[in-house]
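Enquirer: Quick one: sequence plus predicted model below, questions after.
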Amino acid sequence: MRIERLDSNRFKIFLTFDDLMERGFTKDELWYDFPKTHQMFQDMLFEASDEIGMEIDGNLLVNVHMLHAQGMLIVVTQDMEYIDEEYIEMKVTLDQNKEFMYCFTDFESVIQVSSHLTHLGIQKASVFYWNHHYYMKLFDEDLQYLNKENVIAVMSEFSSPSTVTSARLREYGRLIVENDAVQVIQSYFL
């Protein structure tokens, strides 16, 4: 489980499917066993709040994004207007993303991860730029014969899983390299 504070009233939690299995969950249970899922979120929120030193009270908005074969990204926002120390109320929304999309803070990280992806046998990817971040989309057909856990581990060293879709990036962002980004970056920068 990876926890990152976003601002004074928001933080995000990234869980791999292995993390979920350690907590006694399968992917399907998240969608169908709401009481068990709600309890897991509550436990994780307290664990995360202890780790980042954030007091959690009142209304919470919990957005859960299932990332295809990567795990789960949870963004928690505390409503600062309605803080009540007597109770915690969570509104949980679930979303599922089928793309392997990762967000980078700088292009140097994109170059570094491209070197590692080449060693794993991955040549295809698309790279976008939007809102001062770079995004890399990996293609499922390139990953189907690889150990996805290894790919996720490499990507997690240099980037964060993203819930932004390629459709949104095509509409609002800028396409840097389409389809063969790893190969192009390898030939120009490595």
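Expert: Structure received.

Enquirer: Could you list the low-pLDDT ranges of this protein?
Expert: 27, 30-31, 33, 68-69, 80-97 (pLDDT under 70).

Enquirer: Strands of the chain, residue ranges please.
Expert: Chain-ordered strands for the chain, with DSSP state E as the definition, fall at 2-7, 10-15, 58-67, 71-78, 88-97, 100-104, 125-130, 133-138, 160-161, 174-177.

Enquirer: which helix is the longest one in the chain?
Expert: helix 34-52 (DSSP state H).

Enquirer: other SSEs contacting that helix?
Expert: strand 2-7, strand 10-15, helix 27-32, strand 58-67, strand 71-78, strand 88-97 (3 or more Cβ pairs under 8 Å, 6 or more residues apart in numbering; DSSP states H and E). For every residue, glycine as well, the C-beta is placed using N, CA and C.

Enquirer: what inclination does the second one have with respect to strand 2-7?
Expert: Think strand 10-15. Calculated by axes from the mean of the first three to the mean of the last three Cα atoms, to 10 degrees, strand 10-15 forms an angle of 170 degrees with strand 2-7.

Enquirer: Could you check how far strand 10-15 is from the centre of its chain?
Expert: 8 Å (Cα atoms, centre = their mean, to the nearest Å).

Enquirer: List the buried residues of it.
Expert: Within strand 10-15, the residues that qualify as buried are Phe11, Lys12, Ile13, Phe14, Leu15, counting by 16 or more other Cβ atoms under 10 Å.

Enquirer: Let's have these in JSON lines, adding distance to Thr77.
Expert: Formatted as JSON lines, the buried residues of strand 10-15 follow (distance: Cβ to Cβ, whole Å):
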{"residue": "Phe11", "distance to Thr77": "9"}
{"residue": "Lys12", "distance to Thr77": "10"}
{"residue": "Ile13", "distance to Thr77": "12"}
{"residue": "Phe14", "distance to Thr77": "16"}
{"residue": "Leu15", "distance to Thr77": "18"}
